[in-house]
Each structure stands twice: as structure tokens, then as C-alpha cells.
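S.K.: pasting the structure only:
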């Protein structure tokens, strides 16, 4: 939930955000219609959601970018990185 809050705040400021969530859907405690509406607005704000994924490691590259290596072996490259691990926290 905390990651979704930060995602909403940064995307409202015009920052391009990639949200990596280890659960298969956002805000599992919330009504499905609300989650679908939120997901639609986040995508409309250029937020990329990587659901059912987990960050394995984060590397800083020589050019100053950062790469998040996911357990699925995918990589997310960014010019800035803000990580917030909220393990075990539930809504």
C-alpha cells in the first residue's frame, strides 16, 4: 500500500514511475472496481506496473542510471531510483 501511495504522489508530480509489486494485484483488501479504476488512472499517468514481481537486486551503472534486477530476470532501468520495501505490512 505504501508503494502505491508513493506512486500516486510522484506520478501526480509528473514523474514517470515503475511500480514493482510482489502481489498479483494492487491493494488486495480493496474492492476490485476501485482497484481497476486506480490502475486505469495510474496507467493514464504513464505509470508502469509490474505485478507479481520482486526485486532481486539494484545496481548503479557507470553512467549514473540504476537497474532493478527482478526475480523473473527482467530488468528495469531508470535515471533515479526510490525503493521502499514494505514487507509484511497489510492494509
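M.R.: That came in fine, so what should we check first? All values reported here derive from a predicted model rather than from experimental measurement. Residues are numbered from 1 along each chain as shown.
S.K.: Can you give me the pLDDT of residue 79?
M.R.: Predicted confidence (pLDDT) at residue 79: the value is 81.
S.K.: That one: neighbouring residues, count only.
M.R.: When neighbours are defined as other Cβ atoms under 10 Å, residue 79 has 9 of them. For the C-beta atoms, the positions are set from N, CA and C on the backbone; glycine is no exception.
S.K.: Can you pull up the most central residue in the protein?
M.R.: residue 19 (1.0 Å; Cα atoms, centre = their mean).
S.K.: partners of the helix or strand where that residue lies, with directions?
M.R.: Secondary structure assigned from DSSP states H and E places residue 19 in strand 18-21. Strand 18-21 has its sheet partners listed here by DSSP bridges as strand 48-51 (parallel).
S.K.: Now do the strand it pairs with: distance to the chain's middle.
M.R.: 6 Å (Cα atoms, centre = their mean, to the nearest Å).
S.K.: next structured bit after that strand?
M.R.: strand 55-60.
S.K.: That following strand pairs with which strands, parallel or anti?
M.R.: strand 66-70 (antiparallel).
S.K.: Identify the residues contacting the strand it pairs with?
M.R.: With Cβ atoms under 8 Å, 6 or more residues apart in numbering as the test, strand 66-70 has contacts from 18, 20, 50, 53-61, 75-81, 83.
S.K.: one more time with 6 Å, if that's ok
M.R.: Residues outside strand 66-70 that contact it (Cβ atoms under 6 Å, 6 or more residues apart in numbering) are 53, 55-60, 75-78, 81.
S.K.: shaky segments in this structure?
M.R.: Low-confidence segments of the chain, defined by pLDDT under 70: 1, 81-91.
S.K.: Pull the distance from the longest helix along it to the chain's centre.
M.R.: In terms of residue count, the longest helix belonging to the chain (DSSP state H) is helix 32-44. Put simply, helix 32-44 sits 14 Å off its chain's centre (Cα atoms, centre = their mean).
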